[in-house]
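Asks: my questions concern the predicted model and sequence given below.
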Amino acid sequence: MTPIQIMALVVALLGAVKMIVVFLSPKSWINSVVKPIYKNTKVASLAGLIITGVSLYYLTQELSIVQIFAVFLLFMGLMLMTFAAVSKEMTKLAETVLRKDGLMRFWLPILVWIILLIWVFYALFA
């Protein structure tokens, strides 16, 4: 298997396990997975950064940054469908997050997004 196939397998397995557990016992998913992961924001952020970096490295071995951003559009559509089901809660969350003091908590993902945006704009227009 190639690294990208392994990554796809990991996502598929994790997705399948999540679906099964959430359908059978949503509370166990929250207590066993969600709360432990998000309990320590620094560890979760570091894990996310590592996953992002490793994934991006292997993806760029076979895909361009433009192709990766095209896949983001697919993911954005899926997320829109997901969050539309809880639009009132998401609107409240957005209002909390997008306050000036709330936005500063997102400095790391914002920095990653800025770097990726510069990279894709360069690839598209240079």
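Replies: Done, it's in. Numbers count the residues shown, from 1 in each chain.

Asks: so where do the helices sit in this protein?
Replies: Secondary structure of the chain (DSSP state H): helices at 3-24, 26-29, 35-39, 41-62, 65-84, 87-97, 100-103, 107-125.

Asks: and the least confident helix or strand in the chain by mean pLDDT, what does it pack against?
Replies: Least confident helix or strand of the chain, by mean pLDDT, DSSP states H and E, is helix 100-103 with a mean of 75. Applying 3 or more C-beta pairs under 8 Å, 6 or more residues apart in numbering; DSSP states H and E, we find helix 100-103 packed against no helix or strand. For the C-beta atoms, the positions are set from N, CA and C on the backbone; glycine is no exception.

Asks: got a markdown table for the helices of the chain, with mean neighbour count too?
Replies: Shown next, in a markdown table, are those (neighbours: other C-beta atoms under 10 Å):
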| stretch | mean neighbour count |
| --- | --- |
| helix 3-24 | 12 |
| helix 26-29 | 12 |
| helix 35-39 | 11 |
| helix 41-62 | 12 |
| helix 65-84 | 11 |
| helix 87-97 | 11 |
| helix 100-103 | 9 |
| helix 107-125 | 12 |
